[in-house]
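> Below are the sequence and a predicted model; questions follow.
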Amino acid sequence: MSKSLPYSMKDVHYDNAKFRHRSLFKVITQTLLTSNMRRECVSCSTGKFLGLLMIFGLACLMLTHTNKAHSVSDGLAKGIATNEEHKEVTDIGIRFKKLFRRAPRLPPRLSPDEKIIHHNFTGKLNEPNVEEQWKARQQNVKDAFTHAWSGYKKFAMGYDELMPVSRLGVDGLGGLGATVVDALDTAMIMGLDDVVSEASSWIESHLLDRIRQKGQVNLFETTIRVLGGLLSAYHLSGGDQGMTLAQKGPKPTIYLDIAKNLADRLLSAFTSSPTTIPFSDVVLRDSSAHSAPDGLSSTSEVSTLQLEFNYLSAISGDPKYSTEGMKVLAHLKTLPKTEGLVPIYISPHSGEFSGENIRLGSRGDSYYEYLIKVWLQLRDTQDGNFTYLHDMYEEAMRGVKHMLVQKSTPSELVFVGELPVGPKGYLSPKMDHLVCFLPGTLALGATKGLTKEKAMKDNLLTFEDLDNLKLAEDLTKTCFEMYSVTSTGLAPEIAYFHTKDYFESGLDGGNKSSEYVNDIIIKHADRHNLLRPETVESLFVLYRITQDPKYREWGWQIFESFEKYTKVESGGYSSLDDVTTVPPPKRDKMETFFLGETLKYLYLLFGDSSVMPLDKFVFNTEAHPLPIKSS
């Protein structure tokens, strides 16, 4: 007859298919109590003696441990126990505990499917899943561009802009098919070969004839949209040993030839002027130019031509374009300023500033943007010393911080105001959406396009750079809150800020749950949204430089609001009349910059940061990337 085992089946426990070991004490006691062993031990006097001795020894150990532990506890309470006694007892206790310690319980093993469920339940995603999410969101932006282009192609091909609600085309920029040229490099970056083919075929077949036949155009708008778009398409299609993003379309030289023809006509704005300040308007068909009806040019317009003209000179080998453009900035250097800040008008007849209105909104904005961007474009070339541009930029940013930056009440949003009657007058708490270019410019000026981490590691940031970067982050938040404070989640064209000196009741954005509903005032005449890009531009730059994912999240929220309230089902997206009401009435206009800038910056924001790196490309004020040339 087989002997019984030294344990019964009830002592076998399973934990996730793992055997649970029993304690030594349990093994000994159960062994002693099993029938055969008991009979054999009892029948032998030696066995009886050894059994009693074992039981006595175990009892002594337990009593000794308990008594000494109590003794030490009492001693410590009375303050008389020594460190040596405490250590001795502790060591004995640890050894004794080890003797009877159970094996640790093993954690459960999850199957691959269970692991996915577990990750989703806890709200944690591993890094590949996060990137997949952003790739999906980037695809949504790409789909939005395709929808916008489809509406333009169906109803307005060859016109400057689409009226998506009326399903008509309209010429508001001189009739050069501005949407086609503005959207082309966006389609190249997105890899939309069919759109590239359609847009480039139209440019090759029609644009040169339009340039030769059309009448008056604005020098600034034509340069940043059409000339800038052609130059970017030239580089991205392989010209100048550039990238080859386009698999379809004409040879790069086609874009260059058209760009030169257009620029030759635009040069008449410079050569016709009695000063180095160009006239504002050009008649393309006869290459003539004249000033605006009031005789003035915008400061931002005359100083926002140089990136394009410099690059054209570099790739054509003809310095005349760059020479005329850079004369303007060299002249502006000599004019009196207020802590680097300048009025928003200038006379091409006298070459002097006109009026005292100082602001970073319309007619002033891109003057400050191009100071740093032109310096970045030229600093590594052998064409001359352009440090004066960087000096002008730094002086201007110090002036902005000293004279224009304030905080709202009650929540202290940082904003940039205006000096409508000059530096000796009052500060208006008015901030155009256009001012939201500034955070991106500040960040770019601080790190020169490098990430903050790399710039700090290489000791490239001054205290002033860090201060500017902090201001950039604060202003970016304000620009985003101008969106989130409204009922639609879309920003108005202009906002005012509640300060200790200024407040108007009943003019909030409509989103009562916003923390900043009492900080931001939106007047009835300013409640429209034109699908502008400035905020998403700064989100893109701030994300590239800081790598903070909140800028991506803010961009996604803005994109979702565009999708919800501006999309027109038949094709295209429409600007809005009032962002504070739901549903918002549509304005029936799709600006060219929605395809050229807004969707491009959102696409790049959600994508790989190695695409169009900010230390290798400089984006003109219409978001057309131009390569930074080096010697």
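Thanks, I have the structure now. It should be emphasised that the depicted structure is a prediction, and the values quoted were computed from it without experimental measurement.

> where along the stretch 401-550 of the chain do the strands fall?
In the stretch 401-550 of the chain, the segments counted as strands under DSSP state E, counting those that start in this stretch are 405-407, 414-416, 430-432, 494-497, 520-521.

> I'd like the distance between the spatially closest residue to residue 419 that is not a sequence neighbour and residue 343.
Among residues not flanking residue 419 along the chain, residue 358 sits closest, at 4.3 Å (Cβ to Cβ, 6 or more residues apart in numbering). C-betas here are computed from N, CA, C, even on glycine. To residue 343, residue 358 is 6 Å away according to Cβ to Cβ, to the nearest Å.

> tell me, what's touching these two both at once?
By the contact definition Cβ atoms under 8 Å, 6 or more residues apart in numbering, residue 358 and residue 343 are jointly contacted by residue 422.

> Looking only at neighbour counts, state which of the two leads.
Counting neighbours by other Cβ atoms under 10 Å for residue 358 and for residue 343 shows that residue 358 has the greater number, 27 against 21.

> Quick check, the more buried one in contact with residue 341.
Yes. If you go by Cβ atoms under 8 Å, residue 358 and residue 341 touch, sitting 5.0 Å apart.

> Quickly list what's touching both of these two.
403, 404, 419, 423.

> tell me the contacts of the last one?
Residues in contact with residue 423, defined by Cβ under 8 Å, 6+ apart, are 338, 339, 341, 356, 358, 403.

> Taking those residues together, which two end up most distant?
339 and 356 (13.7 Å; Cβ to Cβ).

> Run through the residues that contact residue 362.
By Cβ under 8 Å, 6+ apart, the neighbours of residue 362 are 300, 344, 432, 434.

> can I assume residue 281 is in contact with residue 294?
No. With contact defined as Cβ under 8 Å, residue 281 does not reach residue 294; the gap is 11.9 Å.

> If you count surrounding residues, which of the two has more?
residue 281 (21 against 10).

> For that one, which residues count as its bridge partners?
residue 218, residue 290 (DSSP bridges).

> Now do the contacts for it.
Counted by Cβ under 8 Å, 6+ apart, residue 281 has contacts 216, 217, 218, 219, 269, 289, 290, 291, 292.

> List the contacts of the closest residue to the fourth one other than its chain neighbours.
The spatial neighbour of residue 219 that comes closest, neighbours along the chain excluded (Cβ to Cβ, 6+ apart), is residue 269 at 4.6 Å. Neighbour list for residue 269: 219, 278, 279, 280, 281, 282, 289 [criterion: Cβ under 8 Å, 6+ apart].

> What number of neighbouring residues does the last one come out with?
The number of residues packed near residue 289 is 24, by other Cβ under 10 Å.

> so where's the protein uncertain?
1-51, 53-54, 58-128, 244, 246-248, 382-384, 630-631 (pLDDT under 70).

> quick one, domains of it?
Listed domain ranges for the chain are 174-300+310-328, 406-630 (source: the TED database).

> Those domains: which one's closest to residue 162?
That would be domain 406-630 among the domains of the chain, by Cβ to Cβ, at 4.5 Å.

> Please give the element, helix or strand, for residue 183.
Assigning secondary structure by DSSP states H and E places residue 183 in helix 178-190.

> how about the helix or strand just after that helix: buried residues?
Using DSSP H and E, the helix or strand that follows helix 178-190 in sequence is helix 193-202. Residues 195, 196, 197, 198, 199, 200, 202 are the ones in helix 193-202 that count as buried (16 or more other Cβ atoms under 10 Å).

> before we move on, back to that, the helix holding residue 183 - contacts with which helices or strands?
helix 127-156, strand 161-163, helix 193-202, helix 228-236, helix 592-593, helix 599-605 (3 or more Cβ pairs under 8 Å, 6 or more residues apart in numbering; DSSP states H and E).

> With just CA atoms, put the last one into PDB.
Output for helix 599-605, consisting of C-alpha atoms alone and laid out as PDB, is shown next (Å, rounded to 0.1, in the frame of the first residue of the first chain):
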ATOM      1  CA  LEU A 599      -4.300  74.500 -43.800                       C
ATOM      2  CA  LYS A 600      -0.500  74.300 -44.600                       C
ATOM      3  CA  TYR A 601       0.500  75.300 -41.000                       C
ATOM      4  CA  LEU A 602      -2.100  72.900 -39.500                       C
ATOM      5  CA  TYR A 603      -0.700  70.100 -41.700                       C
ATOM      6  CA  LEU A 604       2.900  70.800 -40.700                       C
ATOM      7  CA  LEU A 605       1.900  71.200 -37.000                       C
END
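
> Contacts for that helix, please.
Against helix 599-605 from outside (Cβ under 8 Å, 6+ apart): 138, 141-142, 144-145, 148, 185-186, 189-190, 533, 536-537, 539-540, 543, 551-552, 555, 558-559, 611-612, 623.

> repeat that for 7 Å
When contacts are defined by Cβ atoms under 7 Å, 6 or more residues apart in numbering, helix 599-605 is touched by residues 138, 141-142, 144-145, 186, 189-190, 533, 536-537, 539-540, 543, 552, 555, 559, 611-612, 623.

> on that earlier part again, now for the residue nearest to residue 419: which residues touch it?
Taking Cβ under 7 Å, 6+ apart as the test, what residue 358 contacts is 338, 341, 342, 343, 418, 419, 422, 423.

> quick one: which of those is most hemmed in?
For the contacts of residue 358, neighbours tallied by other Cβ under 10 Å; top is residue 341, 24 neighbours.

> what's near enough to touch that residue?
Each residue near residue 341 by Cβ under 7 Å, 6+ apart is listed here: 358, 396, 399, 403.

> Would you write a PyMOL line that selects the buried entries of those?
Here is the PyMOL command that picks out the buried ones among the contacts of residue 341, judged by 16+ other Cβ under 10 Å:
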select buried, resi 358+396+399+403
